[in-house]
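Q: The sequence and its predicted three-dimensional model are supplied below.
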Amino acid sequence: MHGKYLLSSLVTAGLALGACSSIEDPTLRGAARGAAIGGAGGAAVGVVAPDIGIGEGAAVGALGGAAVGAITADKRKYYRDRDGNRYYIDRDGRRVYVR
């Protein structure tokens, strides 16, 4: 029985993470990604812990994950050059390439 709940929470988290890629605002994207990961982790804890329900664990995990994701979100805007390399513009107007 618990396996079905865990599997459904992981599928839901995967769908939420897929939807995060279409969000333009980096803070909202970080919050949504954190909520999806936290919700899946909380549901997993709800399956294992006897005093915490699966829904309660998922709700607490999603809330905590959204808060952490919003705080730690990368707020840079990334671009791609003609060779496909990712970079952002620093305060001095220079390109900073990232992996």
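A: Looks like it came in fine.
Q: Export only the CA atoms of stretch 57-66, formatted as CSV.
A: Below are the C-alpha coordinates for stretch 57-66, written out as CSV (Å, rounded to 0.1, in the frame of the first residue of the first chain):
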residue,chain,number,x,y,z
GLY,A,57,5.3,14.5,5.2
ALA,A,58,4.7,15.6,1.7
ALA,A,59,3.2,18.9,2.7
VAL,A,60,5.9,19.8,5.2
GLY,A,61,8.6,18.7,2.8
ALA,A,62,7.1,20.8,0.0
LEU,A,63,6.8,23.9,2.2
GLY,A,64,10.4,23.6,3.4
GLY,A,65,11.7,22.8,-0.1
ALA,A,66,9.9,25.8,-1.6
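Q: and that stretch, how far out from the chain's middle?
A: 11 Å (Cα atoms, centre = their mean, to the nearest Å).
Q: I'd like to know how many residues surround residue 73.
A: Using other Cβ atoms under 10 Å, residue 73 has 18 other residues around it. Where you see a C-beta, it was placed from the backbone N, CA and C, and this is true even at glycine.
Q: Would you mind giving the secondary structure of it?
A: Secondary structure for residue 73, judged by DSSP: H, G, I helix; E, B strand; the rest coil, is coil.
Q: quick one: it and residue 31 touch, right?
A: Yes. If you go by Cβ atoms under 8 Å, residue 73 and residue 31 touch, sitting 7.0 Å apart.
Q: residues in contact with stretch 65-72?
A: With contact meaning Cβ atoms under 8 Å, 6 or more residues apart in numbering, stretch 65-72 is reached by 27-28, 30-39, 41-42.
Q: Helices of this structure, start to end?
A: Ranges of helices within the chain are 2-20, 26-48, 54-71, based on DSSP state H.
Q: From the contact counts, what lies against the second one?
A: Other elements packing on helix 26-48 under the criterion 3 or more Cβ pairs under 8 Å, 6 or more residues apart in numbering; DSSP states H and E are helix 2-20, helix 54-71.
Q: got the buried residues for it?
A: 29-47 (16 or more other Cβ atoms under 10 Å).
Q: ditto for the shortest one
A: Applying a neighbour-count criterion of 16+ other Cβ under 10 Å, the buried positions in helix 54-71 are 54, 57-62, 64-66, 68-70.
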